[in-house]
Structures are given as C-alpha cells and as structure tokens.
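Peer 1: only geometry, no sequence info:
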Ligand SMILES: C[S@@+](CC[C@H](N)C(=O)[O-])C[C@H]1O[C@@H](n2cnc3c(N)ncnc32)[C@H](O)[C@@H]1O
C-alpha cells in the first residue's frame with residue numbers, strides 16, 4: 001500500500017508472515033493487559049502480533065520516517081493502545097517512555113519470582129543488534145531503564161550465530177565473552193529459529209529469537225567494598241599494591257569505586273588484564289590468598305603455572321563491539 005522498499009543501510013529485512021509474527025508475540029509471553037516496547041517495528045508485522053496478543057499499551061521506536069505513516073495507520077486501528085516514537089533506539093532511554101505514565105503495570109521487586117507485565121521486543125537490524133544488546137545487558141545489570149520496574153523480559157532476534165553465542169552452554173565452541181556477559185545477568189534462551197527465507201528481502205543468514213529473563217541475583221557476587229581491596233586478594237602481599245594499581249590504571253577504573261558500579265565491559269577488561277599479568281608472572285594464576293603456604297616462586301614451579309590459552313573465535317561482534325580491549329598492548 002505504501003510502496004516501501006527495504007533500505008540496506010538500516011538492515012531492513014521484514015517479517016511479512018503473520019504466523020511468525022504471532023509466534024514471536026506468543027513466545028515473548030505477551031498477555032492481555034501487558035505493556036510492550038517494540039524496537040524497529042518497520043512495516044508493523046510483529047507490532048500486529050503484539051496488539052493481537054492483547055497488549056494494553058504498545059510503544060514502538062522506529063528510526064525510518066517512511067514507516068511512520070503505516071504505523072500511524074495501525075495506531076488508529078488500535079484503540080489508543082499504540083504510541084509511535086520516531087527515534088533512534090541507540091540514543092533512546094526506553095525506560096523514560098513509561099516513566100510519567102501513572103497507569104503502568106506495577107513494578108515487581110527483583111527477588112520476586114513473578115515478572116512485571118512488561119516486555120521489550122524487537123526484530124532488530126543486525127547492525128544495531130550488538131551495541132543494543134550490550135546497552136540493555138548493562139542497563140539490566142544496573143537495574144535501570146525499564147529494569148527499574150523489575151525483571152522485564154527482553155525478546156530479540158539475532159543472526160543465528162550470535163543467538164547461539166548468547167545462549168551457549170559451557171564447553172561449546174560457541175561459548176564466548178558475549179555468553180558470559182549475557183548469562184551473568186540474565187537467562188537467555190534460544191526460543192526458536194527463523195529461516196532466512198521467511199524474510200523480505202532474504203538475509204544471507206538464518207535468525208534466532210532469544211528471550212532474556214533477568215536473573216533474580218547476578219551470578220557474580222558483588223560487594224560494596226572498594227574494588228581495589230577485592231583486586232588485591234589476587235596477588236601475593238609483596239606485589240599486591242603495584243599489580244592492583246597497574247591493572248586499575250590500564251582499565252581506567254577509579255580504585256575507590258565499588259564493584260557493584262562496574263559494567264560488564266569493565267569486568268571483561270579486568271579479566272583480560274589479569275590474564276595478561278598471569279602470563280607475565282608464572283605462578284600468579286595459581287595463587288590463592290587463603291593458602292598462606294604458597295609463594296609465587298613455589299607456584300611457578302608447578303606443572304601448569306600459566307593460565308590456559310584464551311580461545312579466539314572470529315566473530316562479527318569483535319569488530320564493532322565497544323568493549324574491545326583497546327587499552328591493552330598484549
Ligand atoms: C530488520 S527490520 C525489521 C522490521 C520489522 N520489525 C519486521 O520484523 O518486519 C529492522 C527495523 O528497525 C529499524 N531501525 C533500524 N535502525 C534503527 C534504530 N537505530 N532505531 C530504531 N529503529 C531502527 C529499521 O528502520 C527497520 O524498520
């Protein structure tokens with residue numbers, strides 16, 4: 001009706017099959033009276049699926065002005081349930097969309113088994129999928145944005161290879177840093193796959209739909225102590241000041257910040273920097289501050305005094321991810 005063509009620069013691959021659009025809404029577990037934010041609605045296929053599932057409010061964030069008229073058309077038919085935000089999702093704080101809405105569903109404490117009646121859903125453009133998921137995982141770990149309201153589930157599409165990495169179990173060659181970043185704060189599940197042939201135009205890859213349910217408590221325990229204090233326990237007393245200081249400087253982390261304030265990318269930097277120190281100081285990797293008998297010298301004579309090599313996978317994520325370890329000259 002609107003004679004729209006896909007723009008390659010916006011990675012537009014539309015899902016025109018309403019059975020799949022309904023399936024996404026169903027597997028995202030959208031129920032009557034839920035509130036939903038959809039990222040990148042495009043011509044509105046999934047949008048219809050969400051409205052049909054009975055969402056009582058749907059906010060869509062779309063960057064391409066060509067889609068605004070058809071979305072308005074849909075909004076008119078949706079009995080005041082749908083609101084359009086003509087914006088760039090990467091620059092939009094989605095938590096602000098509902099901030100001033102007095103009738104929004106009740107917030108649910110993070111430790112509660114129940115989830116809030118809210119969802120974030122999107123068939124994302126592949127070129128914004130990586131930065132957006134990093135942003136949302138970070139917001140989840142800080143419990144900010146929509147995650148201020150509780151453990152709001154997030155259902156997003158990714159190219160299948162990335163979806164597999166996000167959900168990868170251990171000891172699998174799909175396991176990568178993004179698996180840890182996602183699984184530390186959420187339980188991501190690859191809920192179903194969509195063949196590339198279901199999209200218009202057809203992308204070169206298949207697609208995985210991933211549902212992230214935030215964990216009640218992150219798996220990595222954090223404390224309110226200064227981060228420097230915790231780091232020092234990684235080293236024998238004679239080198240703790242120098243090594244902790246070096247690591248924090250390289251990662252550009254304030255020593256008096258608390259570990260709860262560190263984002264996942266800073267944890268990744270610390271892990272990588274510590275690994276590098278362990279390679280420079282054989283035996284350090286085996287050091288355990290609770291075992292006072294061990295010295296660095298005795299540990300360096302053990303059979304495996306160095307950390308195991310870090311496996312390297314070619315990943316499209318490595319190229320554009322903002323948390324690459326630029327600080328280190330390894
Ligand atoms: C892969 S298409 C999917 C469209 C629709 N959801 C579907 O399934 O048919 C991605 C959509 O996201 C939109 N988009 C791209 N970059 C965006 C951004 N930064 N913020 C918001 N929307 C964006 C595109 O204009 C396009 O409509």
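Peer 2: Structure's in. What do you need? Note that this is a predicted model, so its numbers are computed, not measured.
Peer 1: A strand includes residue 120, no?
Peer 2: Yes: under DSSP: H, G, I helix; E, B strand; the rest coil, residue 120 sits within a strand.
Peer 1: what's the pLDDT at it?
Peer 2: Note on residue 120: pLDDT of 98.
Peer 1: list the contacts for it?
Peer 2: 36-39, 94, 136, 146, 152-156 (C-beta atoms under 8 Å, 6 or more residues apart in numbering). Every residue, glycine included, has its C-beta placed from N, CA and C.
Peer 1: ok, of these, which one's closest to the ligand?
Peer 2: Distance ranking of those against the ligand, using C-beta to the nearest ligand atom, places residue 39 first at 5.9 Å.
Peer 1: name the nearest residue to that closest one, ignoring sequence neighbours.
Peer 2: Of all residues not flanking residue 39 in the chain, residue 122 sits nearest, at 3.3 Å (C-beta to C-beta, 6 or more residues apart in numbering).
Peer 1: just residue 145 next, same as before
Peer 2: Excluding the flanking residues, the one nearest residue 145 by C-beta to C-beta, 6+ apart is residue 95, at 3.3 Å.
Peer 1: helix, strand or coil for the one you found?
Peer 2: At residue 95 the chain is in helix, as set by three-state DSSP.
Peer 1: so it sits against residue 143, correct?
Peer 2: No: contact between residue 95 and residue 143 fails when scored by C-beta atoms under 8 Å: they sit 10.3 Å apart.
Peer 1: residue 169 touches residue 175, doesn't it?
Peer 2: Yes: here residue 169 lies in contact with residue 175, judged by C-beta under 8 Å, at a distance of 7.3 Å.
Peer 1: of the two, which one has the most company?
Peer 2: The residue with more neighbours, out of residue 169 and residue 175, is residue 175; 17 against 9, by other C-beta atoms under 10 Å.
Peer 1: which phi and psi does that one have?
Peer 2: When read as degrees, to the nearest 10, the backbone of residue 175 gives phi -70, psi 130.
Peer 1: how close does it sit to residue 233?
Peer 2: 27 Å (C-beta to C-beta, to the nearest Å).
Peer 1: in stretch 61-79, what's buried?
Peer 2: By neighbour count on 16 or more other C-beta atoms under 10 Å, the buried set for stretch 61-79 is 61-64, 66-67, 70-71, 74-75, 78.
Peer 1: mean confidence score for that stretch?
Peer 2: Here the average pLDDT along stretch 61-79 is 95.
Peer 1: any residue of it touching the ligand?
Peer 2: Yes: part of stretch 61-79 sits near the ligand under the criterion C-beta under 6 Å from any ligand atom, namely 61-64, 67.
Peer 1: nearest residue to residue 263 other than its sequence neighbours?
Peer 2: Using C-beta to C-beta, 6+ apart, the nearest residue to residue 263 is residue 138, at 5.0 Å.
Peer 1: I'd like the distance from stretch 197-212 to the chain centre, please.
Peer 2: 18 Å (C-alpha atoms, centre = their mean, to the nearest Å).
Peer 1: ends of that stretch, what's the gap?
Peer 2: One end of stretch 197-212 sits 25 Å from the other (C-alpha to C-alpha, to the nearest Å).
Peer 1: how about it: buried residues?
Peer 2: Neighbour counts over stretch 197-212 (16+ other C-beta under 10 Å) mark 198-199, 203, 205-212 as buried.
Peer 1: could you do stretch 251-267 as well?
Peer 2: So, applying 16+ other C-beta under 10 Å, buried residues of stretch 251-267: 251, 253, 259, 262-267.
Peer 1: spell out which parts of this protein neighbour the ligand.
Peer 2: Checking the chain against the ligand by C-beta under 6 Å from any ligand atom, the hits are 10-15, 39-43, 45-46, 61-64, 67, 88-90, 123, 125, 128.
Peer 1: can you select the buried ones from the residues you listed in PyMOL?
Peer 2: Per 16+ other C-beta under 10 Å, the buried members of these correspond to this PyMOL selection:
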select buried, resi 10+12+13+14+15+39+40+41+42+43+45+46+61+62+63+64+67+89+123+125+128
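Peer 1: tell me which of the residues of the chain next to the ligand fall in strands.
Peer 2: Here DSSP state E is the test, and these give 14-15, 39, 61-62 as lying in strands.
Peer 1: now the residues you listed in TSV, with distance to residue 226?
Peer 2: Below are those laid out as TSV (distance: C-beta to C-beta, whole Å):
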residue	distance to residue 226
14	50
15	49
39	37
61	38
62	44
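Peer 1: show me the shaky parts of the chain.
Peer 2: Applying pLDDT under 70 to the chain flags residues 1-12, 219-225, 260, 310-330.
Peer 1: show me the strands in it, by range?
Peer 2: Going by DSSP E, the chain shows strands at 14-15, 35-39, 57-62, 82-86, 118-122, 154-159, 186-194, 199-200, 207-214.
Peer 1: wait, residue 56 touches residue 35, no?
Peer 2: Yes: using C-beta under 8 Å, residue 56 is in contact with residue 35, at 6.7 Å.
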